[in-house]
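**Q** A predicted structure for the sequence below; I have some questions about it.
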There are 2 protein chains.
Amino acid sequence: MAEPDIVVICGGVGAARFLKGLVRVVAPERIAAVVNVADDMVLHGLHISPDLDTVMYTLAEEIDPDRGWGLRDETWAAMETLGRYGDRNWFNLGDRDLGTHLQRTGRLGEGASLTTVTQELAASWELELSLLPVTDDAIRTRVTRSDTDEELSFQEYFVGQQHGVPVSDVRFVGIEDAKPTDEVLAAIDSASAILIAPSNPIVSIAPVLDVPGVRNAIAVASASVVAVSPIIGGAAIKGPAANMLRELGHDPSATGVARLLADLVDVMVIDDVDAALATGVRAEGVVPWVTNTIMSDPEAAAALARTTLAAAMLGGTDDR
Amino acid sequence: MAEPDIVVICGGVGAARFLKGLVRVVAPERIAAVVNVADDMVLHGLHISPDLDTVMYTLAEEIDPDRGWGLRDETWAAMETLGRYGDRNWFNLGDRDLGTHLQRTGRLGEGASLTTVTQELAASWELELSLLPVTDDAIRTRVTRSDTDEELSFQEYFVGQQHGVPVSDVRFVGIEDAKPTDEVLAAIDSASAILIAPSNPIVSIAPVLDVPGVRNAIAVASASVVAVSPIIGGAAIKGPAANMLRELGHDPSATGVARLLADLVDVMVIDDVDAALATGVRAEGVVPWVTNTIMSDPEAAAALARTTLAAAMLGGTDDR
């Protein structure tokens, strides 16, 4: 198998949909998905990797289409028993899905790295791209509520509070001591294109880029770096990205995302509805490409992926 | 609630059936079931306590009546996913049952003792007796195969090999450093009867009695000690007890069980079919009581429990 030469920096749902488009445009073997693990947690003894699983299940065509997370045709018997015992069932784990967490936890307990286990799981679902956690070390996102000053785990914020509380701070515990894997550094080094998927810049993209060594590897790589804005018309398709940007003092717009990523990114793909922001993006030193970025179906995702790849191949060439 | 005054030393299935009879004969609040934990294991990150769960599910009328373990109306979606990933699904964990292991593991992870967690679980199933692990410390049964000299965990032997391989040694890792809980010692001390359920003497009863302090507590307690033989006509109702006794050099009979327990036991209840062994049992210094010990239904279990209690109340009085 050829080494992958297209690197995609990924969070969960937005990245999974983008990758589902990308695999229609280029051979999957060319793609290395470098995935956030700061949402990971050990819950009831099980190691859970929400973003890795969302990408894996989506590409395997096994994601639940209505929920957007977890497996389709799911049952909830374990959660029903857990609910009998108390309130530990706040984080829904489907019965089918539990098999993945049991396998991952078992293999990690045997000393396998998260990278190895992820490769094994992905192979079992017949994924042809490289699915890579950014690091094998533990990183844990902590979110401070501005209304109570309480610090929550990411899932306590995202699932427990349904990201409905205001945020004053986000930090990634353990990130200073985390190391990117050799596989991630090699993929970035040999990449012909580095794409940043339309994922939450604060809690999905940042904890990938902030792993010591990742920013520098991207900066010195020869490939162009193209981001897709997850903010469209001032809102996120899904999730708390726009609210988080606003609450943390950033501009909740494509321009604000461009400003956050300007030191690494050559091009940013923004949506047609944000065409008027192209000037602002350019003012951040980022070349804007304007297209439809709403991945309403796999064809639309493929078109977005094609445009994004084209932007990377053309480097910083402006399309306007 | 009054303190329990009837202590039952327990393994899994045989003890569960015996207890189901006993709760029909005396108020459940009077009973403290002191349960083996040497079959416990951490599997895929989850703390599993097979004997505690068998007793709990049986008394809750939720045990699967055909399998004899696990919950009724069970589904197996997690195991199907796990099977997709490899061979880690050798130990069947039903979806409903997984909720128990998630709760136990989560609470232990928060620092709760196994005793506390067990009380919480039992209360949720509305058990009225005291369900007590003999210790909060980790004990792990290891079984040596005589054909390969390989050492297996108990569940690898019992489930993985379906107890179909010959055994040359059994040991309980960690037992020297284990301490009986205060609850167990208090129940033994204040007991008016100490019953040993018809469980495997080698791998269920021994790792309860051999926890340092338990034998002595029983020896100095004022209560009579009555065991029910798990061996009937040279065979166990279920499981490897007879084979194990034979392979480890013991007599696979009620007499052999009496010999193993003679230092602690005043009376042993043996089955009608073993009436001819009464002399041999008495020769071990143990008073034999002969009755039907096959717990074919709850009424039969209740009759056995009543006889066993009577033997304890009458002390070493021979019934012949």
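**A** Sure thing, it's come through.
**Q** count of residues packed around the residue lying closest to residue A:71 once chain neighbours are set aside?
**A** The shortest distance from residue A:71 to any residue other than its chain neighbours is 4.5 Å, reached at residue A:96 (Cβ to Cβ, 6 or more residues apart in numbering or on different chains). C-beta coordinates here come from the backbone N, C-alpha and C atoms, glycine included. Residue A:96 has 23 neighbouring residues, counting by other Cβ atoms under 10 Å in any protein chain shown.
**Q** counting contacts, what elements does the one helix or strand residue A:96 maps to pack onto?
**A** Assigned by DSSP states H and E, residue A:96 belongs to helix A:95-109. If contacts are counted by 3 or more Cβ pairs under 8 Å, 6 or more residues apart in numbering or on different chains; DSSP states H and E, helix A:95-109 sits against strand A:46-48, helix A:77-85, helix A:114-124, helix B:77-85, helix B:95-109.
**Q** Check the ones you listed for me and report the most buried one.
**A** helix B:95-109 (a mean of 24; mean count of other Cβ atoms under 10 Å in any protein chain shown).
**Q** circling back to that earlier point, would you mind getting the angle between the helix holding residue A:96 and helix B:95-109?
**A** Helix A:95-109 and helix B:95-109 are oriented at 40 degrees to each other (axes from the mean of the first three to the mean of the last three Cα atoms, to 10 degrees).
**Q** From the chain's centroid, how far away is helix A:95-109?
**A** 21 Å (Cα atoms, centre = their mean, to the nearest Å).
**Q** and what of stretch A:173-192?
**A** That offset, for stretch A:173-192, works out to 15 Å (Cα atoms, centre = their mean).
**Q** for stretch A:254-262, same thing?
**A** 17 Å.
**Q** can you list contacts of it?
**A** A:196, A:201, A:205-206, A:227, A:229-232, A:245, A:250-251, A:265, A:268, A:270-271, A:274, A:277, A:280-281, A:284-286, A:288 (Cβ atoms under 8 Å, 6 or more residues apart in numbering or on different chains).
**Q** List only those of these flagged as buried.
**A** A:196, A:201, A:205-206, A:227, A:229-232, A:245, A:250-251, A:265, A:268, A:270-271, A:274, A:277, A:280-281, A:284, A:286, A:288 (16 or more other Cβ atoms under 10 Å in any protein chain shown).
**Q** Select from those residues every entry located in strands.
**A** Per DSSP state E, strands hold the following members of the buried ones among the contacts of stretch A:254-262: A:196, A:227, A:231, A:232, A:268, A:270, A:271, A:288.
**Q** closest to residue A:125 among those residues?
**A** residue A:196 (24.3 Å; Cβ to Cβ).
**Q** give the contact list for the residue lying closest to the closest one once chain neighbours are set aside.
**A** The spatial neighbour of residue A:196 that comes closest, neighbours along the chain excluded (Cβ to Cβ, 6+ apart), is residue A:227 at 3.8 Å. By Cβ under 8 Å, 6+ apart, residue A:227 lies in contact with A:195, A:196, A:257, A:258, A:261, A:265, A:267, A:268, A:269, A:286.
**Q** The second one and chain B, how far apart?
**A** Distance from residue A:196 to chain B, counting by Cβ to the nearest Cβ, to the nearest Å: 30 Å.
**Q** hang on, that residue packs against residue A:269?
**A** No: with contact defined as Cβ atoms under 8 Å, residue A:196 does not count as touching residue A:269 (9.6 Å).
**Q** got CSV for the helices and strands packed on helix A:95-109, with mean pLDDT too?
**A** Shown next, in CSV, are the helices and strands packed on helix A:95-109 (pLDDT from 0 to 100):
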stretch, mean pLDDT
strand A:46-48, 98
helix A:77-85, 97
helix A:114-124, 98
helix B:77-85, 97
helix B:95-109, 98
